[in-house]
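Visitor: Would you be able to build a 3D model of this:
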Amino acid sequence: MAKPADVPAHERRDGIDPVPELGLMIRQTPLTRIDGVGTAERTWLATGPDEVRAVLGDAERFSTLPPADTEADSRRLVQEGNLLQYDPPEHTRLRKMQAPEFTGRRMRRLEPMVEKIVSDHLDALERAGQPADLVRHYAQPVPTLVGCLLLGIPRDDHAELARNLDLSRSENRPREQRMAAGKAYMAYLTKFGASKRRHGGDDLISVLLHEQGMEMSDEELAGTVATLLAPAILNVTGTLALGILALLRHPEQLALLRERDDIVDRAVDEMLRYTSVVSTASPRTALVDVPLAGQVVKAGDVVLCSLLAANRAKCPHAEDAFDITRESSNHLAFGHGIHHCLGAPLSRLTLRVAVPVLLRRLPGLRLAVPAQELRYKSPSGIYGVETLPVAW
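Guide: Alright, predicted model coming up:
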């Protein structure tokens with residue numbers, strides 16, 4: 001295992017915050033050469049919000065195919081159905097299939113069911129007794145049920161599916177364990193997709209198959225389900241747990257959110273910006289020479305975009321500023337450009353319901369252990385806290 005000093009600054013954290021080295025980059029330069037990271041001969045780290053937005057928003061000059069020595073090698077590395085690894089026109093085709101299922105109308109239809117899921121798990125949290133792990137009893141099962149509800153995954157399969165997904169993405173686990181969990185996760189989704197082809201339903205995958213099924217292979221369908229489900233579970237789990245932790249660390253903000261229903265949407269966006277659980281966007285490879293931040297990113301160079309750095313750099317004294325009344329953070333937690341997270345409306349819905357209800361139901365909510373004893377996940381994956389013991 002690499003020592004902390006050997007791990008690049010954008011792949012480390014100080015609790016919820018950037019490490020001091022990344023904080024220094026945020027203040028000093030929006031684009032830094034970090035050769036030796038990954039397989040590319042020349043690699044850049046973009047930390048400025050304008051630079052990150054410019055790279056992520058430019059699908060003509062930057063490719064999101066997995067970095068490799070040749071384009072053919074890049075294409076062989078693509079996971080079928082994974083929108084984050086496709087360039088146009090393949091990306092355009094797949095996203096156009098899925099986008100209609102994330103409309104405001106469908107989210108409004110889901111809201112009563114999300115409210116029921118949240119209420120049921122608050123009951124379970126209270127039954128668990130004090131102290132209880134907020135991740136285990138609330139932050140993980142709520143988004144798991146919501147994501148599986150959207151896709152039509154049977155309730156009996158939720159726990160094992162979420163466990164394999166979490167294990168497959170955990171850098172703190174042995175590689176063999178991660179690989180086995182990842183294979184089990186994809187095997188289930190392949191079987192699930194085949195079942196939906198035969199039986200259908202009124203869920204997102206059934207609708208997608210009804211409208212586009214003849215155009216999608218079994219592998220592409222499984223990859224599509226995996227790409228939709230992972231953010232719905234892992235990203236929201238991380239944001240919900242870290243967002244509550246941020247509120248507990250800023251009691252004046254927590255009290256304000258309890259008092260004012262009108263700032264819930266702002267609070268959710270601030271939690272997304274401040275926690276930035278996807279620390280770094282998928283790498284982009286320059287297809288041509290691109291002038292950027294007074295330098296030239298040459299064709300073949302790889303650019304890593306630090307969403308955490310860009311989100312913290314957008315606000316004065318950003319390392320310390322957690323402000324749920326912020327009118328417009330215009331954050332990049334969901335990415336930018338054609339790869340902006342398709343499931344963002346679902347993530348916002350889940351957080352908008354789960355956070356204020358928790359605070360109203362448990363007015364004495366507090367950490368049950370000293371903050372310095374909390375253990376965090378590796379930021380090279382989807383960031384979060386391993387457990388969050390709370391009392392109320």
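Visitor: so what does the helix or strand bottoming out on mean pLDDT in the chain touch, helix or strand wise?
Guide: With mean pLDDT, DSSP states H and E as the measure, the helix or strand of the chain carrying the lowest mean pLDDT is helix 204-212 (a mean of 80). Under the contact definition 3 or more Cβ pairs under 8 Å, 6 or more residues apart in numbering; DSSP states H and E, helix 204-212 sits against helix 90-98, helix 141-151, helix 175-199, helix 218-230. Yep, even glycine has a C-beta here, placed from its N, CA and C like the rest.
Visitor: let's see it at 7 Å
Guide: On a contact count with 3 or more Cβ pairs under 7 Å, 6 or more residues apart in numbering; DSSP states H and E, helix 204-212 meets helix 90-98, helix 141-151, helix 175-199.
Visitor: mind checking how far residue 370 is from residue 249?
Guide: Residue 370 is 12 Å from residue 249, where distance means Cβ to Cβ, to the nearest Å.
Visitor: circling back: out of the helices and strands packed on helix 204-212, which is the most enclosed?
Guide: Ranked by mean neighbour count, the helices and strands packed on helix 204-212 are led by helix 141-151 with a mean of 24 (mean count of other Cβ atoms under 10 Å).
Visitor: ok, and what's touching that helix?
Guide: For helix 141-151, the external contacting residues (Cβ atoms under 7 Å, 6 or more residues apart in numbering) are 110, 113-114, 117-118, 121, 158, 162, 203-205, 225, 228-229, 232-233, 236-237, 240, 346, 350, 354.
Visitor: Give me the buried subset of those.
Guide: The neighbour count (16 or more other Cβ atoms under 10 Å) marks 110, 114, 117-118, 121, 158, 162, 203-205, 225, 228-229, 232-233, 236-237, 240, 346, 350, 354 as buried among those.
Visitor: Let's see which of the residues you listed end up in helices.
Guide: Those of those mapping onto helices are 110, 114, 117-118, 121, 158, 162, 204-205, 225, 228-229, 236-237, 240, 346, 350, 354, per DSSP state H.
Visitor: Low-confidence bits of the protein, can you list those?
Guide: For the chain, the stretches with pLDDT under 70 are 1-5, 212-215, 314-320.
Visitor: Let me know the distance separating the residue nearest the centre of it from residue 140.
Guide: When Cα atoms, centre = their mean is applied to the chain, the residue found nearest the centroid is residue 235 (3.4 Å). For residue 235, the distance to residue 140 equals 12 Å [Cβ to Cβ].
Visitor: and if you look at residue 167?
Guide: Taking Cβ to Cβ, one finds residue 167 at 13 Å from residue 140.
Visitor: Looking at the two, which has the bigger crowd around it?
Guide: The neighbour count for residue 167 versus residue 140, taken as other Cβ atoms under 10 Å, is higher for residue 140 (25 against 19).
Visitor: Correct me if wrong: the more buried one contacts residue 237.
Guide: Yes - using Cβ atoms under 7 Å, residue 140 is in contact with residue 237, at 4.8 Å.
Visitor: what's in contact with the least confident helix or strand of the chain?
Guide: Helix 204-212 is contacted by residues 97, 98, 101, 150, 151, 152, 196, 197, 200, 225 when judged by Cβ under 7 Å, 6+ apart.
Visitor: How far off centre is that helix?
Guide: 24 Å (Cα atoms, centre = their mean, to the nearest Å).
Visitor: Then stretch 382-392?
Guide: With Cα atoms, centre = their mean, you get 16 Å for stretch 382-392.
Visitor: which residues sit against it?
Guide: The contact list for stretch 382-392 (Cβ under 7 Å, 6+ apart) reads 13, 130-136, 139, 169, 234-235, 237-238, 241-242, 245, 277-279, 362, 364-369, 374-377.
Visitor: are any of the residues you listed buried, and which?
Guide: Among those, those scoring as buried are 13, 132-136, 139, 169, 234-235, 237-238, 241-242, 245, 277-279, 362, 365, 367, 374, 376-377 (criterion: 16+ other Cβ under 10 Å).
Visitor: Which of these fall in helices?
Guide: Those of those lying in helices (DSSP H): 134, 169, 237, 238, 241, 242, 245.
Visitor: And those residues, which is closest to residue 83?
Guide: residue 169 (17.3 Å; Cβ to Cβ).
Visitor: just checking, that closest one touches residue 234?
Guide: Yes - the pair residue 169 / residue 234 is scored as a contact, 6.3 Å apart, by Cβ under 7 Å.
Visitor: just to revisit the earlier point, mind checking which of residue 370 and residue 249 has more residues around it?
Guide: Neighbour count, other Cβ under 10 Å: between residue 370 and residue 249, residue 249 has more, with 14 against 7.
Visitor: And the residue nearest to the more buried one when sequence neighbours are not counted, how close does it get to residue 16?
Guide: What sits nearest to residue 249 in space, not counting adjacent residues and going by Cβ to Cβ, 6 or more residues apart in numbering, is residue 371, at 6.9 Å. Look at residue 371 and residue 16: by Cβ to Cβ, they are 10 Å apart.
Visitor: which of these two has more neighbours?
Guide: Using other Cβ under 10 Å as the criterion, residue 371 and residue 16 rank with residue 16 on top: 20 against 10.
Visitor: what residues are up against the spatially closest residue to the more buried one that is not a sequence neighbour?
Guide: Spatial nearest neighbour of residue 16, chain neighbours left out: residue 242 (5.6 Å); criterion: Cβ to Cβ, 6+ apart. For residue 242, the contacting residues are 16, 275, 277, 384, 385, by Cβ under 7 Å, 6+ apart.
Visitor: hey, what's the last one bridged with?
Guide: Read that as residue 385. residue 376 (DSSP bridges).
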